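**Q** For reference, the sequence and a predicted model appear below.
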Amino acid sequence: MREALLRKRYLLPGETEKDMYRRVARYVWRENESILTELMSGGKFLPNTPTLANAGTNRVGGLSACYVLPIEDSLEGIYSAVRAQAMVHKHFGGTGFDLSPLRPKGSAITSTGGGACGPVKVLQLLNQSAETVSQGGKREGANMGILRMDHPDVREFIHCKSKEGLQHFNISVAITDDHMCGDLGILDDIAQCATASGDPGIIFISAIERANPTPLLGSITATNPCGEQPLLPYESCNLGSINLSKYVSNGEFDYDGFKADIWIATMFLDRVIDVNVFPLESIRAATRETRKIGLGIMGWADMLVKMGVSYQDMDKVRSLITTLGSILRDESRAASRYLAEEYGTFPAWEDSTWGDLDMPMRNATLTTIAPTGSISFLAGCSSGIEPIFDWYHTRTSEEGSTSIQSDVYELAKKNDLLDDTAHNIPARIHVLHQALWQEYIDNAVSKTINLPRNTDWQYVREIMMFAWENGCKGITVYVDGSKDKQVLTTDYAVPKLPDGIRRRVAHVYEAQSGCGVIRVIPAAEDDTWGKLHEVYVLTAGGCAANNETTGRLISDELQNGIPVNVISSTLHKVKCVNAMKNRNSVGKSCSDIIATCIDIEQREFIEHTYQHAYTKPTCPQCGEILTFEGGCGTGSCTKCGWSGCS
């Protein structure tokens, strides 16, 4: 699948992957072609997809991923924005719009005597354009639509995706600090709709504006499709990410190597601005006026696993973010100061916050954490700062479903980190990762707060408040299943049984333990393939009574509503000297083996449920079930690397 993605989206005819990296390096920075080629081919640093696909080619396409386009409140202004959007999509970019300047639906139009269509109708028009003009001729365009909370049409906007589809847009409501401190009745609407459908997100516009480095050029009112890049009208930004997991060896982080590569990556991204091909002259002028870049990180979750640190251990996480975030911020700024001395400051520097500090800088902003959907797939690492979505994901095709294991699963199991998956991590921990990284990032942090099924909207509202209180610039939540279309479940014919006899579906797992053979029999509640209800354990050799007791305790916990993953996580932590010494033992204790068996049973139950009870959102390229993370409401594919937002 990785090769298919490369051929479809990135490689020229006859080109190898390393040829692509060499082509990009030569086009952007010929003097350091060798260093950059090795950095990219080694998976340590990758620029955004448009740079990889277009640099050094004859393709019509720019090198930037992010654009913000203005919309004026007139027929001419609206269709000018549609045209600009089409040109950006043609150049392989995603677009963001602030719809707040548009007058409310039904407002009088003096020139015609009619009524205004309102922001939602304009959003539908832009969505139709995205349907028509694919990004770079390779995929449908990604977009962000933003409306301020005080706009009269905000309630219609909040519900527009659930009613109208608008599959090519993420939407967010822009909320000021004053709004968050005042009447928050409308926040209830946002939380309810986000719980049900994943949209809208929230942009905390006051926090974004406080970080605006060029306030005299105007206010920042919109972002790119996943919310990580706040931009002024017509600005664009080229992004790149450093793979943190590549700097860990034997549990130790290579800080010196990280620092050196930050300098290379910063100077590379700055050079992209000068060699870029812009879709419009207004975009070229605005981009070069501020020279914004967005260097970020990916592979954060993989790095934590390799260092033996739990995503949920906030003391250690806070320490690592403080160290790595400070290095990313300080070294990128040092590189930008060096470039300013060599080539001059960005043109708007004198009237910027950098000018107020008398600190020469080549770039108005330097750091961003993007969702890194496709490039993290190429680099073979976890996305952005997201946790591992799940240790197993399902590949669905005409041949059936196949479970695929995460590359760091065995190491996570060894380090007792199997609880560190998206739905096992409390929402506040998700938010704290985003908030802590935000302290060191100039632009914003793209992050999805993944929540389990049946999360209620009041809890989602609490999490939104928590994100604002902790300094996030925005928040996106996704409740598992909220984008599913519920269909009829398959009916199973149940034969008539004599009175007093009950039948259950069960599987028998047999494995070598430290003392003999252990048989684990997970059973459903009835004779359909149902939720795990009871576990029987039989032992040939070793302590039969102890294992029978373990089975009884597991059954009691299951019947009292304790989640399977919680039980399994506890059992995996048990170690036995006999099992550890016996090379034939398939686990480090009988409890560990029992946990492995119920893990398998649970995964098969989930796969069966997905196949027979739900229509999951699937990848348009390979059919894989999509995941929702990195602030992207259209999903991404962990199998082939497709993403609706990167």
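**A** Ah, there it is. Since the structure is predicted, the reported quantities are computational estimates derived from the model, not experimental observations.
**Q** How many residues are close by E469?
**A** 11 (other C-beta atoms under 10 Å). (Glycine included, C-beta is placed from N, CA and C.)
**Q** Please report how far it lies from R148.
**A** E469 sits at a distance of 21 Å from R148 (criterion: C-beta to C-beta, to the nearest Å).
**Q** which residue ranges form the strands in the stretch 301-450 of the chain?
**A** For the stretch 301-450 of the chain, the strands identified by DSSP state E, counting those that start in this stretch occupy 392-397, 400-405, 448-451, in order along the chain.
**Q** So M465 lies in a strand, does it not?
**A** No. With DSSP: H, G, I helix; E, B strand; the rest coil as the criterion, M465 is helix rather than part of a strand.
**Q** Give me the below-cutoff pLDDT ranges for the stretch 301-450 of the chain.
**A** Low-confidence regions of the stretch 301-450 of the chain, defined by pLDDT under 70, span residues 393-405.
**Q** actually the chain, sorry about that
**A** Along the chain, the model assigns pLDDT under 70 to residues 1, 135-140, 163-164, 393-405, 484-497, 526-530, 606-616, 645-646.
**Q** longest single helix anywhere in it?
**A** Longest among the helix segments of the chain by residue count, using DSSP state H, is helix 314-343.
**Q** same for that helix, what does it pack against?
**A** The helices and strands touching helix 314-343, judged by 3 or more C-beta pairs under 8 Å, 6 or more residues apart in numbering; DSSP states H and E, are helix 255-275, strand 293-298, helix 427-438.
**Q** Save those as JSON lines, and put in mean neighbour count and distance to E386 too.
**A** JSON lines is the format used below for the helices and strands packed on helix 314-343 (neighbours: other C-beta atoms under 10 Å; distance: least, C-beta to C-beta, whole Å):
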{"stretch": "helix 255-275", "mean neighbour count": "19", "distance to E386": "20"}
{"stretch": "strand 293-298", "mean neighbour count": "29", "distance to E386": "9"}
{"stretch": "helix 427-438", "mean neighbour count": "22", "distance to E386": "9"}
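**Q** now stretch 454-463: how far from the chain's centre is it?
**A** Distance of stretch 454-463 from its chain centroid, counting by C-alpha atoms, centre = their mean, to the nearest Å, is 20 Å.
**Q** Touching that stretch from outside, list them.
**A** Outside of stretch 454-463, the residues that reach it under the criterion C-beta atoms under 8 Å, 6 or more residues apart in numbering are 187-188, 190-192, 194-196, 427-428, 431, 449, 451, 475, 477, 479.
**Q** hey, C-alpha coordinates of that stretch in CSV?
**A** What follows is stretch 454-463, C-alpha atoms only, in CSV (Å, rounded to 0.1, in the frame of the first residue of the first chain):
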residue,chain,number,x,y,z
ASN,A,454,-21.6,6.7,24.1
THR,A,455,-19.7,9.8,25.4
ASP,A,456,-22.4,12.3,26.3
TRP,A,457,-22.4,15.9,25.1
GLN,A,458,-22.1,17.4,28.6
TYR,A,459,-18.7,15.7,28.9
VAL,A,460,-17.7,17.0,25.5
ARG,A,461,-18.6,20.5,26.6
GLU,A,462,-16.4,20.1,29.7
ILE,A,463,-13.5,19.1,27.5
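**Q** for that stretch, which positions count as buried?
**A** Of the residues in stretch 454-463, those with enough neighbours to count as buried (16 or more other C-beta atoms under 10 Å) are 455, 457, 460-461, 463.
**Q** Among these, which one lies nearest to S589?
**A** Top of the list for closeness to S589, among these and by C-beta to C-beta, is T455 at 34.0 Å.
**Q** How about the secondary structure of that closest one?
**A** Here T455 is coil, with the state taken from three-state DSSP.
**Q** That one and L52, how far apart?
**A** Distance of T455 to L52, given as C-beta to C-beta: 37 Å.
**Q** One more: V460?
**A** Distance of V460 to L52, given as C-beta to C-beta: 36 Å.
**Q** ok, now P563?
**A** Computed as C-beta to C-beta, the P563 to L52 distance reads 41 Å.
**Q** higher neighbour count, these two?
**A** It is L52, of P563 and L52, that has more neighbours when counted by other C-beta under 10 Å, with 23 against 14.
**Q** Apart from its chain neighbours, what residue comes closest to the more buried one?
**A** Sequence neighbours aside, Y10 is the residue nearest to L52 in space, at 5.3 Å (criterion: C-beta to C-beta, 6 or more residues apart in numbering).
**Q** Now do the contacts for C632.
**A** Neighbouring residues of C632 by C-beta under 8 Å, 6+ apart: 142, 170, 225-226, 371, 373, 446, 448, 476, 643-646.
**Q** Which one of those is nearest to M361?
**A** For the contacts of C632, the nearest to M361 is S446 (23.7 Å; C-beta to C-beta).
**Q** since we're on E289, how many residues are nearby?
**A** E289 has 18 neighbours, counted by other C-beta under 10 Å.
**Q** Surely it forms part of a helix?
**A** Yes. The assignment for E289 by three-state DSSP puts it in a helix.
**Q** measure it to S332 for me?
**A** The spacing between E289 and S332, counted by C-beta to C-beta, is 20 Å.
**Q** just S636 next, same as before
**A** Using C-beta to C-beta, one gets 26 Å for the distance from S636 to S332.
**Q** So between the two, which is more surrounded?
**A** For the pair S636 and S332, the greater number of neighbours falls to S636 (28 against 25), based on other C-beta under 10 Å.
**Q** residues contacting the more buried one?
**A** Contact criterion C-beta under 8 Å, 6+ apart gives 371, 373-374, 383, 626-630, 642-646 as the residues in contact with S636.
**Q** can you do 10 Å?
**A** With C-beta atoms under 10 Å, 6 or more residues apart in numbering as the criterion, the residues that contact S636 are 371-374, 376-377, 383, 389, 448, 619, 624, 626-630, 642-646.
**Q** can you give me phi and psi for it?
**A** With angles defined as degrees, to the nearest 10, S636 shows backbone torsions of phi -140, psi 160.
**Q** Pull the number of nearby residues for A370.
**A** A370 is flanked by 34 other residues according to other C-beta under 10 Å.
**Q** Thought N443 was touching it, still the case?
**A** Yes. Taking contacts as C-beta atoms under 10 Å, A370 lies within contact range of N443: 9.3 Å.
**Q** residues shared between the contacts of the two?
**A** In terms of C-beta under 10 Å, 6+ apart, A370 and N443 are both contacted by the residues 66, 224, 227-229, 237, 239, 294-296.
**Q** Can you lay out the residues you listed as a markdown table showing distance to M180?
**A** Compiled in a markdown table, those are given as follows (distance: C-beta to C-beta, whole Å):
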| residue | distance to M180 |
| --- | --- |
| C66 | 26 |
| N224 | 23 |
| G227 | 17 |
| E228 | 21 |
| Q229 | 22 |
| C237 | 27 |
| L239 | 28 |
| G294 | 26 |
| L295 | 30 |
| G296 | 26 |
